[in-house]
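Asker: Next one to model:
(2 chains)
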Amino acid sequence: AQSVTQPDIHITVSEGASLELRCNYSYGATPYLFWYVQSPGQGLQLLLKYFSGDTLVQGIKGFEAEFKRSQSSFNLRKPSVHWSDAAEYFCAVGALGGGSQGNLIFGKGTKLSVKP
Amino acid sequence: GAVVSQHPSWVICKSGTSVKIECRSLDFQATTMFWYRQFPKQSLMLMATSNEGSKATYEQGVEKDKFLINHASLTLSTLTVTSAHPEDSSFYICSARDRVGTNTGELFFGEGSRLTVL
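Answerer: Numbers count the residues shown, from 1 in each chain, chains lettered A, B, ... in the order given. Next up, the predicted model:
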C-alpha cells in the first residue's frame, strides 16, 4: 500500500538550532517527493521537490532534503531555524500521470514550534 | 510560480443552506483539480478529483450528492456543499496541476476555504 509516514507529530527546537523532520514512504513506483509547509489557516506552500538526479535538493527558505532510496526516506533539514519557520510541515509522494494517478499522498504532518 | 486562488477564504452559513467554493488557476490551465478536506490538526484527505469537462471522481466515503463538483473550464472548479450541517465545518483546500506539466506530478495549492456551519 502507498503511504507516507511522518513519525514526529510535534517538534520543538530553539531558534538558531538545526532541524531535521523525518519522512518515510512506501510506494510501488518511482516516487516524486515533496515537502510542503502550512501556516495556520493557510494553504500549502511548496518548499522543495525531488523528481530525479541529485538526491540532495535545495528548497526555499534555506531548507534542503535528501532522498535515500535504500531507506525510503526524504528527510527535511535546515541548519539554523528561524522563529518564522514555526508551522506545520507535510511530506508527500506522488507519481507520473494525469487524473487521480497524479494525486499526492500526504503524511499526517509535523508541527514545528520554535523557542526564542 | 503558478497561482491557484480559492474564494471565499472564510464562510459562515446556517445549517441547511448550500455553500459554493471556487478554485481558480490564475496563470495556467488545469485539466485536473483536486479537492481536499482538512480537519483540525490533521493531514489533507482527498475528497475528489475534478476533471475538466467530465464528472468528478469521488473517494470512498465521500457523498457525491453532498459535495457537488463542477469543472466547467480549464481554470475553474467549484465545490458546492449542499444542505450543510455543522459536521461539514472544515478547511477545504483545492489543488491543480498545470496542463503543460502533467507528468511532473507537482500540484499547486489554493489558500484554502474555512467553512463554519452554525
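
Asker: and residue 70, which of the three is it?
Answerer: Answering for chain A, as no chain was given. helix (DSSP: H, G, I helix; E, B strand; the rest coil).

Asker: what do you get for B:F91?
Answerer: Reduced to three states with three-state DSSP, the structure at B:F91 is strand.

Asker: and residue 38, what does it touch?
Answerer: By default, I'm working from chain A. By C-beta atoms under 8 Å, 6 or more residues apart in numbering or on different chains, A:Q38 lies in contact with A:L44, A:Q45, A:A87, A:E88, A:Y89, A:F90, A:G109. Placement of C-beta: from N, CA and C, glycine included.

Asker: Wait, chain B was what I had in mind.
Answerer: B:L44, B:M45, B:S90, B:F91, B:Y92, B:I93, B:G112.

Asker: can we see that at 7 Å?
Answerer: B:L44, B:S90, B:F91, B:I93 (C-beta atoms under 7 Å, 6 or more residues apart in numbering or on different chains).

Asker: out of those, which touch chain A?
Answerer: B:L44, B:I93 (C-beta under 7 Å from any C-beta of the partner chain).

Asker: which of the contacts of B:Q38 has the weakest pLDDT?
Answerer: Going through the contacts of B:Q38 one by one, the lowest pLDDT turns up at B:L44, 85.

Asker: For it, which non-adjacent residue is spatially closest?
Answerer: When the adjacent residues along the chain are set aside, B:L44 lies closest to B:Y36, with 4.1 Å between them (C-beta to C-beta, 6 or more residues apart in numbering or on different chains).
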